[in-house]
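Novice: Here is a sequence with its predicted model. Questions after.
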Amino acid sequence: MSLAAIWTQFFPPRNGAPLTGANLPPQHGKVFIVTGVSSGIGYELARILYGAGGRVYMLTRSKENADAATARIKAWYLESDNDGPVRSRGSIEFIHMDLMDLNSVKRASRDFLFREKRLDVLLNMLERVHERMHHYQRKDMNTTSLSTP
């Protein structure tokens, strides 16, 4: 990593430098896990990383929502490729995981480790988890928060 890259991590540009597909460097060979990809920030991050050539794993409860998000992401790039040169895309894959079920988290981590040897970036964009938190006791929430795969 260059000194300039490190410098901007501590002192970001004043204009905010929004993250877009246009200003993100190529991410070929990088492995990402993104949660909350059905909509919102998680969806947009997965879309941008896929477009930059990253290998994106979507960890979510619903395969239907993950399939719909994948279809929207790929369709977005098919439509945008008509305007200019086709860039090399990454890959996007689904792994089932429900954060309220520790066995599901364990299965998801094993599934990921079976597919990959490393992880470059973990992006937790949790959605709607708080709606189901009232079913858990405090000790369960601490275990969920502190046990990482």
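Specialist: Good, I have the coordinates.

Novice: show me what contacts the residue most central in space within the chain?
Specialist: The geometric centre of the chain, computed from its C-alpha atoms, lies nearest to residue 34 (C-alpha atoms, centre = their mean), at 1.8 Å. Applying C-beta atoms under 8 Å, 6 or more residues apart in numbering to residue 34 gives the contacts 42, 45-46, 49, 56-59, 123, 125. Backbone N, C-alpha and C define where each C-beta goes, glycine included.

Novice: Where do the strands of this protein begin and end?
Specialist: Along the chain, counting by DSSP state E, strands occupy 31-35, 55-60, 91-96, 121-124.

Novice: Low-confidence stretches in this protein?
Specialist: The model of the chain has pLDDT under 70 over residues 1, 12-17, 80-88, 126-149.

Novice: Have a look at it and report its longest helix.
Specialist: Secondary structure of the chain per DSSP state H: the longest helix is helix 63-80.

Novice: between it and strand 91-96, how many degrees?
Specialist: Counting by axes from the mean of the first three to the mean of the last three C-alpha atoms, to 10 degrees, helix 63-80 points 170 degrees away from the direction of strand 91-96.

Novice: Off-centre distance for helix 63-80?
Specialist: Helix 63-80 sits 14 Å away from the centroid of its parent chain (C-alpha atoms, centre = their mean, to the nearest Å).
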